[in-house]
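take a look and give me a structure for this.
(one chain, ligands or ions: 1)
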Amino acid sequence: MPELPEVETIRTGLVKHVAGRRISAVEVHHPRSIRRHVPGAADFAGRLAGRQVIDVCRRGKYLWFPLDSGDAVVGHLGMSGQMLLQPSTAVDETHLRIRFAFDDGGPELRFVDQRTFGGLAVSEGGAVLPAEIAHIARDPIDPEFSDAAFVAGIRRRRTEVKRALLDQTLISGIGNIYADEALWRARLHGTRPTDQLTKPAASRLLGHVRDVLGEAIRDGGTSFDALYVDVNGQSGYFERGLNAYGREGLPCRRCAAPIRRESFTNRSSFSCPKCQPRPRTRS
Ligand SMILES: [Zn+2]
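From the prediction side, this is the model:
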């Protein structure tokens, strides 16, 4: 599932290729991909035809396109969503869900989504910040993210540190992969109680989160399957930089102990048994 680095990579590609262009027509090929747009496909297309895309913005794993109407197109990629720039002559992808054509006749924007967990909607008046995503916290590479508020917020919670990192109302953009990577760097086991983190420990953890996200953005994200690609259909390269995620049984790059996999909700957590000892049970 795309996390912040993958969505940010897509966003920068969209800024380059879509911002400033005027939409001429929109086709919806699957109703599930606009399920959050309650008035339906015709209304969705009608609100977008003739509108200019001003910019492409992101909060956490959500993208939005502010329009010259003051509305926005807000979208989430779900498990498998892709935003591809394709010449209008290119054959439609099997899982093409929504097509945007532009009045300059240049490349189309195609929303392709095999599993249809992703989707787009028009957010009325949402150009500055769509109301639908206003509850999502800023992400740690947002210049307005408050480090002090994060440190205080995570220490106030009575939860486990990995769950806190995945809580999009505390800090956004982090999913399973980058949570495991940041925890490995911070030498913390994911079940450590957040209210036992010292201020310096919480602050160090945030530093590691920021580092790993920044490095992954520079590598164009992590491609674990063929589904995550940038707007030109290219995969990212960060998987070679992963130290914990997906490395079960391989030696820890710090201490050589074999990386362990533990179940976490309906997924897995990867960590080093030596560098990241399990916390003692709370008395
Ligand atoms: Zn280790």
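
show me where this protein has helices.
4-17, 41-48, 147-156, 161-165, 176-186, 199-218 (DSSP state H).

ok, now which ones touch the residue nearest to residue 77 when sequence neighbours are not counted?
Sequence neighbours aside, residue 118 is the residue nearest to residue 77 in space, at 4.5 Å (criterion: C-beta to C-beta, 6 or more residues apart in numbering). In short, each C-beta sits where N, CA and C put it, glycine included. By C-beta atoms under 8 Å, 6 or more residues apart in numbering, the contact list for residue 118 reads 33, 75, 76, 77, 78, 79, 80, 81, 111.

now, those that are in strands?
Judged by DSSP state E, the contacts of residue 118 include 75, 76, 81, 111 as members of strands.

among the residues you listed, which one lies nearest to residue 196?
Set against residue 196, the nearest of the ones in strands among the contacts of residue 118 by C-beta to C-beta is residue 76 (33.5 Å).

any idea how far the residue nearest to residue 138 when sequence neighbours are not counted is from residue 248?
Closest residue to residue 138 apart from its sequence neighbours, by C-beta to C-beta, 6+ apart: residue 145 at 4.4 Å. With distances taken as C-beta to C-beta, to the nearest Å, residue 145 is found 32 Å from residue 248.

compare neighbour counts for those two and give me the winner.
Neighbour totals were compared for residue 145 and residue 248, and residue 145 leads with 16 against 13 (other C-beta atoms under 10 Å).

residues contacting that one?
By C-beta under 8 Å, 6+ apart, the contact set of residue 145 is 138, 139, 171.

my guess is the last one contacts residue 136, does it?
So that's residue 171. No: if you go by C-beta atoms under 8 Å, residue 171 and residue 136 don't touch, sitting 9.8 Å apart.

show me which of those two is the more surrounded one.
Using other C-beta under 10 Å as the criterion, residue 171 and residue 136 rank with residue 171 on top: 24 against 18.

from residue 281, how far out is the more buried one?
27 Å.

can you pick out the most distant pair from the ones in strands among the contacts of residue 118?
Every pair of those checked by C-beta to C-beta; the farthest is 76 and 111, at 10.9 Å.

okay, those two: which has more neighbours?
Taking neighbours as other C-beta under 10 Å, residue 76 and residue 111 compare with residue 111 leading, 27 against 19.
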